[in-house]
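Peer 1: Coordinates for the following, if possible.
(one chain, ligands or ions: 1)
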Amino acid sequence: MQAVNQNNAATDDSAELKLPSDDQATQHKFDGKTVGHPLSDNPKMSMRNVNVFYGEKQAIFNVDLDIAQNQVIAMIGPSGCGKSTFLRCLNRMNDTIESCSVTGEFILDKQDIYHPKQDIVPLRARVGMVFQKPNPFPKSIYENVAYGPKIHGLASRRAELDEIVEVSLRKAGLWEEVKDRLHSPGTGLSGGQQQRLCIARSIAVSPEVILMDEPCSALDPIATAKIEELIAELKENFTIAIVTHSMQQAARVSDRTAYFHLGKLVEVNDTKRVFTNPEHDLTEAYITGRFG
Ligand SMILES: Nc1ncnc2c1ncn2[C@@H]1O[C@H](COP(=O)(O)OP(=O)(O)OP(=O)(O)O)[C@@H](O)[C@H]1O
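Peer 2: A predicted model of the protein is given here:
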């Protein structure tokens, strides 16, 4: 039966408007059980039964997920689905938001990172974070990288510190571009270079896990390509979790992909599988651009 518009004229368009959106139609099919392989044989971090609230509003529902050692996991999903909220729980960045409460289990190498005795400073050195917008300190390039090792007491002599700075900048693919101006301000670098500086700063304290929250969203395609190449190199030494709006980026850089929808973890699988043969209709609807 065709729907009738306000002028009583039947049109196909108005009939279409009365149908539920793909989003609404498929939403009902999600029973809350993540499909695919959310757990791993070789987890660096294991999260169980995670729920996150901002005041009364629940942002994450019963998420179980492992992040495998020396892999890149991409977290994707429509805006507001909770990707950044979940990521920020992994180094307790949400502790800084007063209204935010987190329940569930977060284990990093058998250690409960929400244990009352857990000190946040060493935790954030072990689980570093790179933000959407490059945020170098208003200090020299050298000091940006040296700051963390200094406060964590990782170098006792200047030569040791120099070495950490050089190695970190090399690992971040920035050394050749900045070695002759280490004492110039970090903020004087291009956006892409600043983001690599922030990655060097994170690497300098020898993290085990690096969290990246849309690290390329403020960058041009060339700077983005450099960061993506870097991610592929970094996973040799680090475990990486990246939130991205770009499905192409998730497909290029990650080994596993986790698809979130309205605060629920719908599907986790090998990235290739997610993008070529998703198990859940919601994942398929998102990756084929039917919503999001
Ligand atoms: N500080 C906050 N206070 C209150 N609600 C918040 C806060 N941060 C996020 N939220 C809410 O929690 C839900 C998840 O937000 P989150 O930023 O984690 O989603 P996201 O998937 O990362 O979104 P986007 O892709 O747009 O960055 C949203 O409904 C958002 O409005």
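
Peer 1: Which of the helices or strands spans Ile199?
Peer 2: helix 191-203 (DSSP states H and E).

Peer 1: next SSE after that helix?
Peer 2: In N-to-C order, the element after helix 191-203 by DSSP H and E is strand 209-213.

Peer 1: So, low pLDDT: which residues of this protein?
Peer 2: 1-29, 292 (pLDDT under 70).

Peer 1: redo that, cut-off 50
Peer 2: 1-20, 22-23, 25-28 (pLDDT under 50).

Peer 1: Give me the neighbour count for the residue lying closest to Pro278 once chain neighbours are set aside.
Peer 2: Using C-beta to C-beta, 6 or more residues apart in numbering and skipping residues adjacent in sequence, the residue nearest Pro278 is Glu284, 4.6 Å away. Heads up, the C-betas are built off the backbone N, CA and C, glycines and all. Other residues within reach of Glu284 by the criterion other C-beta atoms under 10 Å amount to 17.

Peer 1: Then the one 4 residues further on?
Peer 2: Thr288 has 12 neighbours, counted by other C-beta under 10 Å.

Peer 1: And it, how far from the ligand?
Peer 2: Separation of Thr288 from the ligand (C-beta to the nearest ligand atom, to the nearest Å) stands at 19 Å.

Peer 1: Now do the same contact list for that residue.
Peer 2: Contacts for Thr288 (C-beta atoms under 8 Å, 6 or more residues apart in numbering) come out as none.

Peer 1: Name the SS class of Pro278, please.
Peer 2: At Pro278 the chain is in coil, as set by DSSP: H, G, I helix; E, B strand; the rest coil.

Peer 1: Against Thr244, how distant is it?
Peer 2: According to C-beta to C-beta, to the nearest Å, Pro278 stands 17 Å off from Thr244.

Peer 1: go on, Val266?
Peer 2: Val266 sits 16 Å away from Thr244, going by C-beta to C-beta.

Peer 1: what's the answer for Asn237, then?
Peer 2: Distance, Asn237 to Thr244, using C-beta to C-beta: 21 Å.

Peer 1: neighbour-wise, which of those two wins?
Peer 2: A count of neighbours by other C-beta under 10 Å puts Thr244 above the other of Asn237 and Thr244, at 23 against 14.

Peer 1: Touching, the more buried one and Thr257? I think so.
Peer 2: No: using C-beta atoms under 8 Å, Thr244 makes no contact with Thr257, being 9.7 Å away.

Peer 1: Show me the common contact partners of these two, please.
Peer 2: Overlap between the contact sets of Thr244 and Thr257, as judged by C-beta under 8 Å, 6+ apart, is given by 74-76, 250.

Peer 1: Pick the one among these closest to the ligand.
Peer 2: Distance to the ligand, by C-beta to the nearest ligand atom, is smallest for Met75 among those, at 8.1 Å.

Peer 1: Report the contact partners of the nearest residue to the closest one once chain neighbours are set aside.
Peer 2: Counting by C-beta to C-beta, 6+ apart, Met75 lies nearest to Lys83, which is 4.4 Å off, once chain neighbours are set aside. For Lys83, the contacting residues are 75-77, 243, 260, by C-beta under 8 Å, 6+ apart.
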